[in-house]
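Colleague: Sequence below, structure please.
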Amino acid sequence: MPKKKHRKWSRHVTETSNAMDLEKDVFRSHDPEEIARSLKHSAEASDRRKSNPFRSAMSMLNFYINRAGRNLPRKQRKVLEEAKGELRKDFGRDPK
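Modeller: Here you go, the predicted structure:
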């Protein structure tokens, strides 16, 4: 009996979802501003997203953080959390 392949559904969702096309390795950057800028650009350029650009960008960021879970290094998690704030600023949603 052949071995069953372990499938990563989250990778499949990221690559094929109707949300938006992301820049390659966007979540590996160590610059929160760069991550936010890239997500904003991808969300605004996409004609496949279902909600407004801000929600799509924030959803993809949260999706990545949640799916990475414990495998995400603490330092990179901090960068991604900071990218949320930068994304809010970029879209004019900063409460400050």
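Colleague: show me where the protein has helices.
Modeller: 9-16, 32-45, 53-68, 74-90 (DSSP state H).
Colleague: would you turn these into CSV with distance to residue 25, mean pLDDT and mean neighbour count?
Modeller: (Each C-beta comes from the backbone N, C-alpha and C, glycine too.) Output for the helices of the chain, formatted as CSV (distance: least, C-beta to C-beta, whole Å; pLDDT from 0 to 100; neighbours: other C-beta atoms under 10 Å):
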stretch, distance to residue 25, mean pLDDT, mean neighbour count
helix 9-16, 12, 66, 11
helix 32-45, 10, 93, 20
helix 53-68, 11, 90, 18
helix 74-90, 12, 95, 16
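Colleague: mind checking which of the ones you listed is nearest residue 24?
Modeller: Among those, helix 32-45 comes nearest to residue 24, with 9.9 Å by C-beta to C-beta.
Colleague: Show me what the closest one is in contact with.
Modeller: Contact with helix 32-45 is made by 20-23, 26-27, 29, 49, 53-54, 56-57, 60-61, 79-80, 82-83, 85-87, 89-91, as judged by C-beta atoms under 8 Å, 6 or more residues apart in numbering.
Colleague: do stretch 23-30 as well
Modeller: Residues contacting stretch 23-30 (C-beta under 8 Å, 6+ apart): 35, 38, 39, 41, 42, 61, 64, 76, 79, 80.
Colleague: Mind doing that once more with 10 Å?
Modeller: Applying C-beta atoms under 10 Å, 6 or more residues apart in numbering, the contact partners of stretch 23-30 are 14, 34-39, 41-42, 60-61, 64-65, 68, 72, 75-76, 78-80, 83.
Colleague: what's the nearest residue to residue 53 if we skip its chain neighbours?
Modeller: residue 43 (3.8 Å; C-beta to C-beta, 6 or more residues apart in numbering).
Colleague: Residue nearest the middle of this structure, spatially speaking?
Modeller: residue 61 (2.9 Å; C-alpha atoms, centre = their mean).
Colleague: Check the spacing between that one and residue 80 real quick.
Modeller: In this view, residue 61 and residue 80 are 7 Å apart by C-beta to C-beta, to the nearest Å.
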